[in-house]
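Colleague: Return a 3D structure for these sequence lines:
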Amino acid sequence: MSEHSIIISPVSRIKGQMSLELEMDGTKVASAKVAGTSVRGFENLLLNRDPGDLSFITQRVCGSCSVAHAIASCEALEAAWGVSIPTNGRVLRNLALAASTISSHISWFYQSALGDYVDFGAVARYEGGDRDLLSQRERFRALVSNGEGAPFLPQFSGDLINDPETVAFLFDHALDSYRIRRIADQIVALIAGRMPIASGIIPGGVASRVSTDMLSALVFKFREVASWVNDVMIGDLLDFTPSLARFAELGVSVPNYLTFGAYRLDDVEDVKFFPRGAITGGDTSIVEELSLARMEESVASSYYARTIGSRHPEDGGSTYDLGTDGAYSWVKAPRYGERAMQTGPLARMLMMQDETILGLDRELRVSDSVLGRMIARGVEAGLLSRKAEEWLRDLKKDSPSNVALGDKPASSGTGMTESPDGALGHWVTLSSDNVDAFQIVGGSTWNASSRDGEGTAGPIEEALVGVEMADPDNPLDVLRVVRSFDPCMRCAVH
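Modeller: Numbers count the residues shown, from 1 in each chain. The predicted structure is shown next:
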């Protein structure tokens, strides 16, 4: 077999900038390098600043994940001050994070992933009698004739669903998904003032006060989002997945999963709806207790000074070095117990021992695959939309939503939560009244990680090994694998 390299740059329909370097053995990927091609510099930007700036600045890492970054920064400062936030502050943060995560999952399915499986050109060929679909057909034809087909066109060719009626329904839902995402973003804005960049999520809680009008609006909007997610999005997934059976074997990655946990259920104890934990070695029935002491980040293949070495994030650094031998990415290589770890919705559902995902795993062994990651996002969106209705009942009208931090903090704090793409952690060290050190590990820092000092590939790199690509100009399966992780390279490089 001939051996050669193929570079795909940039990778489209993801968040941020990514390139792929694929070493081919004939028509199969023998090894892969996933590169974050831009640097953001937030960790250095925050040095010597007032700690109160953290939650406002870190949200600029990523608009899609801004709520998660706000919560992680605030929890790090609250840990440093030893402060517990009021019930309303805790619940409002849960609701804002749920709404932003649901919005992200809807965007991923309808605007990012769907074009890898559906031939949107079939919409123009619809000849049925449904008036709504005929209207969407004309709308689609007009968009195409005006050169405004994105994000639906252009597409790579391949084994795409091309039944005109099926595709027309999915196109109709994809357009309507923008309306539902807007409502989800309005929920965040009601709670925290705006979205993206939720300025009302502050150290000590949330700035807004729960009123009758706010509560009524939140109930109404969450019900509309929940109804759409459970009836339309999950309905599409159920109708859609039988056509995708072969993707149960595509994109198999490292058999290790990690979560930091999210959605606190108690004002004092750190009990979370999405539990923190680790699964290693592929046995999804055994969830290990998470030990942060086992975490470290390697810079062996990233553009950072070798003096940083391999360290726990609390002791990490961000000194850049473009001349580093062997470096190919701005993304570091976080490891847990020296293992590369998958994070994100699939990891979270496995950590919860969700019966839908475990059942699929028992019957079809599909969880660690393109199909498994797709199903997990739908399951999670539905789960959060329903749980939000319970959390709304925990809000107390005219009760405080925040507390003051006080005067003197401890020396450091850690904030951990779950962004849409995976386990997110912020580590802050304070000196006097300023930020002395700050480090971020995002969900896609794990999934899109570069190789570590032992040469161990990151989860996306591992998932690409063995993927067929007969035509370098049509890398459809390669992109299906990459997009199944919903990579956020903005968070990965931060």
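Colleague: could you pull out the strands for the stretch 1-150 of the chain?
Modeller: In the stretch 1-150 of the chain, the strands defined using DSSP state E, counting those that start in this stretch lie at 3-8, 18-25, 28-36.
Colleague: and if you look at the stretch 301-450 of the chain?
Modeller: Here the stretch 301-450 of the chain has its strands, by DSSP E, counting those that start in this stretch, at 333-336, 412-419, 422-431, 434-441.
Colleague: so which of the strands of the stretch 1-150 of the chain is the most packed in?
Modeller: The highest mean neighbour count among the strands of the stretch 1-150 of the chain, using mean count of other Cβ atoms under 10 Å, belongs to strand 28-36: a mean of 22. Where C-beta positions appear, they are placed from N, C-alpha and C, glycine not excepted.
Colleague: before we move on, the earlier item: can I get the strands of the stretch 1-150 of the chain in JSON lines with distance to Ile197 and mean pLDDT?
Modeller: As requested, the strands of the stretch 1-150 of the chain are exported to JSON lines (distance: least, Cβ to Cβ, whole Å; pLDDT from 0 to 100):
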{"stretch": "strand 3-8", "distance to Ile197": "31", "mean pLDDT": "91"}
{"stretch": "strand 18-25", "distance to Ile197": "23", "mean pLDDT": "96"}
{"stretch": "strand 28-36", "distance to Ile197": "22", "mean pLDDT": "97"}
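Colleague: Please enumerate the helices of the stretch 151-300 of the chain.
Modeller: 164-192, 212-228, 234-240 (DSSP state H, counting those that start in this stretch).
Colleague: which one is Gly174 nearest to, not counting chain neighbours?
Modeller: You called it Gly, but residue 174 is Ala. Computed as Cβ to Cβ, 6 or more residues apart in numbering, the closest residue to Ala174 that is not its neighbour in sequence is Tyr110, at 4.1 Å.
Colleague: Please tell me how far that neighbour sits from Glu418.
Modeller: Separation of Tyr110 from Glu418 (Cβ to Cβ, to the nearest Å) stands at 22 Å.
Colleague: Counting neighbours, go ahead and name the busier of the two.
Modeller: Comparing Tyr110 with Glu418 by other Cβ atoms under 10 Å, the one with more neighbours is Glu418, at 30 against 25.
Colleague: The more buried one contacts Ala262, doesn't it?
Modeller: Yes: taking contacts as Cβ atoms under 8 Å, Glu418 lies within contact range of Ala262: 3.7 Å.
Colleague: shared neighbours of these two, anything?
Modeller: Counting by Cβ atoms under 8 Å, 6 or more residues apart in numbering, the contacts common to Glu418 and Ala262 are 68, 97, 274, 348.
Colleague: and those as a markdown table, adding pLDDT and neighbour count?
Modeller: Output for the shared contacts of Glu418 and Ala262, formatted as a markdown table (pLDDT from 0 to 100; neighbours: other Cβ atoms under 10 Å):
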| residue | pLDDT | neighbour count |
| --- | --- | --- |
| Ala68 | 97 | 32 |
| Leu97 | 98 | 28 |
| Phe274 | 97 | 24 |
| Arg348 | 96 | 29 |
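Colleague: Skipping its backbone neighbours, what lies nearest the residue nearest the centre of the chain in space?
Modeller: Among the residues of the chain, the one closest to the centroid is Asp421, at 1.4 Å (Cα atoms, centre = their mean). Spatial nearest neighbour of Asp421, excluding adjacent residues (Cβ to Cβ, 6+ apart): Gly443 at 3.8 Å.
Colleague: Ok, Pro10 next?
Modeller: Residue nearest to Pro10 in three dimensions, not counting chain neighbours: Gln17, with 5.7 Å by Cβ to Cβ, 6+ apart.
Colleague: So what's the residue count around that neighbour?
Modeller: Residues contacting Gln17 under the criterion other Cβ under 10 Å number 17.
Colleague: isn't Arg339 right up against Val254?
Modeller: Yes: using Cβ under 8 Å, Arg339 is in contact with Val254, at 7.1 Å.
Colleague: Between those two, tell me which one has more neighbours.
Modeller: Neighbour count, other Cβ under 10 Å: between Arg339 and Val254, Val254 has more, with 21 against 16.
Colleague: That one contacts Ile460, correct?
Modeller: No: at 9.9 Å, Val254 does not count as touching Ile460 under the criterion of Cβ under 8 Å.
Colleague: With distance to Gly89 added, can I get the strands of the stretch 1-150 of the chain in a markdown table?
Modeller: Compiled in a markdown table, these are given as follows (distance: least, Cβ to Cβ, whole Å):
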| stretch | distance to Gly89 |
| --- | --- |
| strand 3-8 | 44 |
| strand 18-25 | 36 |
| strand 28-36 | 34 |
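Colleague: Tell me which of those strands lies nearest to Gly129.
Modeller: For Gly129, the closest of the strands of the stretch 1-150 of the chain is strand 3-8, at 42.0 Å, according to Cβ to Cβ.
Colleague: which residues touch the closest one?
Modeller: 19-25, 30, 469, 472, 475, 478-479.
Colleague: ok, the closest residue to Gln59 other than its chain neighbours - how many residues close by?
Modeller: In space, and not counting its chain neighbours, Gln59 is closest to Ser66: 3.8 Å by Cβ to Cβ, 6+ apart. Counted with other Cβ under 10 Å, residues neighbouring Ser66 total 26.
Colleague: Repeat that for Val331.
Modeller: Residues near Val331, counting by other Cβ under 10 Å: 31.
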